[in-house]
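K.L.:
just to be clear, the model below is a prediction. Sequence and coordinates:
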Amino acid sequence: MIETRPADLKNDRSEIIELVQRHLDPQSGEERFEWLYLDNPHGPARVWLAIDLDNRSVVGMGAAFPRKVFTQESERTGWVLGDFCLDGRYRSLGPALQLQKAILAEVDAGDVSFCYDFPSKSMMAVLSRLRAASMQEMVRMVMPLRVDLHVRRFVANRVSASVLSDVGNFGLWILTRAWSVSSSVEVDSHHGLCGNEFSRLAKEIGGRRGVCVYRSADYLNWRYLRNPLREYHLLTARRNGRLDAYAVYACNGDEATLHDLFGGDDPTVIKSLIIRLVHRLVAQGVMSLTVPLLATHPWLSLLESLWFRRRESTPVFLYWSRTVHVGFSGEPWWLMQGDRDS
């Protein structure tokens, strides 16, 4: 039998780190804990521990990481859930459901306005038993930038595969170079930390984006540029020197992922930003560009116009407090890969 209790980030620090290392990421440690649990400019993490009453040992945990968001009517604080894990003998539905209910009870009590999660398949069995305010889907959009891997799957002869790959890659290069970028949009790499202009853009646009994380300069610096887990790159789009949009991406070997894409309502700016990113990645020999985003995201159709294609989808769990009078259900949620916990 287990019980749940809120953790103390100072006194329970070692147990939290050890659980994450044992169940989620063996490479995780003090640096990740400091960054993810303590340094978030939107507030420190909340953690709930599962305790075996027979021996008083810590056998599981779930965490919630604060996110300030804009809605069309107000600014609110919620959580993105993560680092949910239980020791093997406790992974039946009962203990997992008990731990998840303890977390959501804080939302129901009005401590925060909402939470969201990107659950694994195993977690879906737990969440399906709970009152979900909304279940949506994150879809993975992919654009191939080179055909080498696809050709190797069907052509065994190396010489033939090389020739076909060269032809296919040249065709993709011609296609992407034919895309025009607006002459009024200046796209360039951003070096150093984000400044006040990023906070200004977040405040100008966030409220028009439905439910959208407040991407202040402090948040972007923490989430991406001071992230100890991965190296991110940032491209900005400006008109007359004024920041209009930006893209945050990361490369893993010969694959690239667009983690964040934020800007105004003008599709010309967003399209120019994506095209410049594609050109840059093609020049670096990257094989493909992936863009995970909510299936209802307004820019999904723009990506499809640039030859991005839908691949698999994964669930997104949305949950808000019963005391919230502003209807989250009536507003679009602008979620991308960068809106996860880490």
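P.N.:
Everything's here; your move.
K.L.:
using PDB, list the CA coordinates for stretch 293-313.
P.N.:
As requested, C-alpha coordinates have been extracted for stretch 293-313 and formatted as PDB (Å, rounded to 0.1, in the frame of the first residue of the first chain):
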ATOM      1  CA  LEU A 293       3.000  20.800 -33.000                       C
ATOM      2  CA  LEU A 294      -0.600  20.500 -31.900                       C
ATOM      3  CA  ALA A 295      -2.800  19.100 -34.700                       C
ATOM      4  CA  THR A 296      -5.000  22.200 -34.400                       C
ATOM      5  CA  HIS A 297      -2.100  24.700 -34.700                       C
ATOM      6  CA  PRO A 298      -2.900  27.400 -37.200                       C
ATOM      7  CA  TRP A 299       0.500  27.100 -38.900                       C
ATOM      8  CA  LEU A 300       0.100  23.400 -39.700                       C
ATOM      9  CA  SER A 301      -1.400  24.300 -43.100                       C
ATOM     10  CA  LEU A 302       1.500  26.700 -43.800                       C
ATOM     11  CA  LEU A 303       3.900  23.800 -43.200                       C
ATOM     12  CA  GLU A 304       2.000  21.500 -45.500                       C
ATOM     13  CA  SER A 305       2.300  24.200 -48.300                       C
ATOM     14  CA  LEU A 306       6.100  23.900 -47.900                       C
ATOM     15  CA  TRP A 307       6.000  20.100 -48.500                       C
ATOM     16  CA  PHE A 308       6.100  19.100 -44.800                       C
ATOM     17  CA  ARG A 309       4.100  15.800 -44.400                       C
ATOM     18  CA  ARG A 310       2.200  14.400 -41.500                       C
ATOM     19  CA  ARG A 311       3.700  11.400 -39.700                       C
ATOM     20  CA  GLU A 312       2.500   9.800 -36.500                       C
ATOM     21  CA  SER A 313       0.600  11.600 -33.800                       C
END
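K.L.:
isn't His233 right up against Thr257?
P.N.:
No. Counting by C-beta atoms under 8 Å, His233 does not reach Thr257; the two are 11.0 Å apart. All C-beta spots, glycine's among them, are computed from the backbone N, C-alpha and C.
K.L.:
more neighbours, these two?
P.N.:
Set His233 next to Thr257 and count neighbours by other C-beta atoms under 10 Å: Thr257 wins out with 21 against 18.
K.L.:
which non-adjacent residue is nearest that one?
P.N.:
The spatially closest residue to Thr257, leaving aside those adjacent along the chain, is Thr290, at 4.8 Å (C-beta to C-beta, 6 or more residues apart in numbering).
K.L.:
the one you found: how many residues sit nearby?
P.N.:
Applying other C-beta under 10 Å, we find 18 residues neighbouring Thr290.
K.L.:
what are the contacting residues of the helix or strand encompassing it?
P.N.:
Under the assignment given by DSSP states H and E, the secondary-structure element containing Thr290 is strand 288-294. The set of residues that contact strand 288-294 without belonging to it, under C-beta atoms under 8 Å, 6 or more residues apart in numbering, is 136-146, 249, 255-258, 261, 277-278, 281, 299-300, 303, 308, 316, 333-337.
K.L.:
mark which of the residues you listed are buried, thanks.
P.N.:
Among those, those scoring as buried are 136, 138-146, 249, 255-258, 261, 277-278, 281, 299-300, 303, 308, 316, 333-337 (criterion: 16 or more other C-beta atoms under 10 Å).
K.L.:
buried sites along stretch 53-73?
P.N.:
Those would be 58-72, for stretch 53-73 by 16+ other C-beta under 10 Å.
K.L.:
this structure: helices as residue ranges?
P.N.:
Assignment of helices within the chain using DSSP state H yields the ranges 13-23, 30-33, 93-108, 121-127, 148-154, 158-178, 196-206, 217-220, 267-283, 300-305.
K.L.:
now those as CSV including distance to Met1 and mean pLDDT?
P.N.:
Rendered in CSV, the data for the helices of the chain read as follows (distance: least, C-beta to C-beta, whole Å; pLDDT from 0 to 100):
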stretch, distance to Met1, mean pLDDT
helix 13-23, 19, 96
helix 30-33, 29, 96
helix 93-108, 9, 89
helix 121-127, 18, 77
helix 148-154, 50, 59
helix 158-178, 59, 59
helix 196-206, 45, 93
helix 217-220, 40, 98
helix 267-283, 53, 91
helix 300-305, 46, 91
